[in-house]
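**Student:** what's the 3D shape of this:
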Amino acid sequence: MIGIFIALLSGALMSIQGVFNTEVTKNTSMWVSNSWVQFSALVICLVTWFFTDRTSFSGILQIQPKYMLLGGVIGAFITYTVIKSMASLGPAQAVMLIVVAQLAVAYLIELFGMFGVDKQPFAWRRVIGMAVCIGGIILFKWES
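**Tutor:** So this is what the prediction gives:
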């Protein structure tokens, strides 16, 4: 149950963050806004680490395969693409498309067992679920 609550909170925070970042970009620039997002996240992470964890950062050097360390780089591009899509499409439509893309890519990762994730069998109900989500986007966008 806690996992469901955390996932819902994550989705809500991502939507709010996207709106905030888009507004910051209007008064600065894409890369200034993106830098602020990443810098402020770093500060919060370091402060939280200092008070709660204090595990050595040397563990980062042990990560295998090394491409797993690209999460921050991907994060910068996530921030960029969220800002651009929200500015172009508006928050609701952008988030719907983002979520469907996340769902489709996550399913492909599971289906093919990519990046060390356990391989899952193909399931038509999951494909149908994604089709229903896509249908929801079309319905949401439909103008009379």
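
**Student:** in this structure Val99 contacts Cys133, no?
**Tutor:** Yes. Counting by Cβ atoms under 8 Å, Cys133 is a contact partner of Val99 at 7.4 Å. In this view, the C-beta of every residue, glycine as well, is placed from N, C-alpha and C.

**Student:** in stretch 28-48, what counts as buried?
**Tutor:** Neighbour-count burial for stretch 28-48, counted by 16 or more other Cβ atoms under 10 Å, picks out Ser33, Asn34, Val37.

**Student:** low-confidence stretches in this protein?
**Tutor:** Applying pLDDT under 70 to the chain flags residues 144.

**Student:** which strands and helices sit next to the longest helix along the chain?
**Tutor:** Determined from DSSP state H, the single longest helix within the chain is helix 2-27. Counting contacts by 3 or more Cβ pairs under 8 Å, 6 or more residues apart in numbering; DSSP states H and E, helix 2-27 packs against helix 30-52, helix 71-89, helix 91-112.

**Student:** switch to 6 Å and redo it
**Tutor:** helix 30-52, helix 71-89 (3 or more Cβ pairs under 6 Å, 6 or more residues apart in numbering; DSSP states H and E).

**Student:** tell me how far the most centrally placed residue in the chain lies from Val24.
**Tutor:** Centroid-nearest residue in the chain: Ile78, 6.5 Å away (criterion: Cα atoms, centre = their mean). Note on Ile78: its distance to Val24, by Cβ to Cβ, to the nearest Å, is 15 Å.
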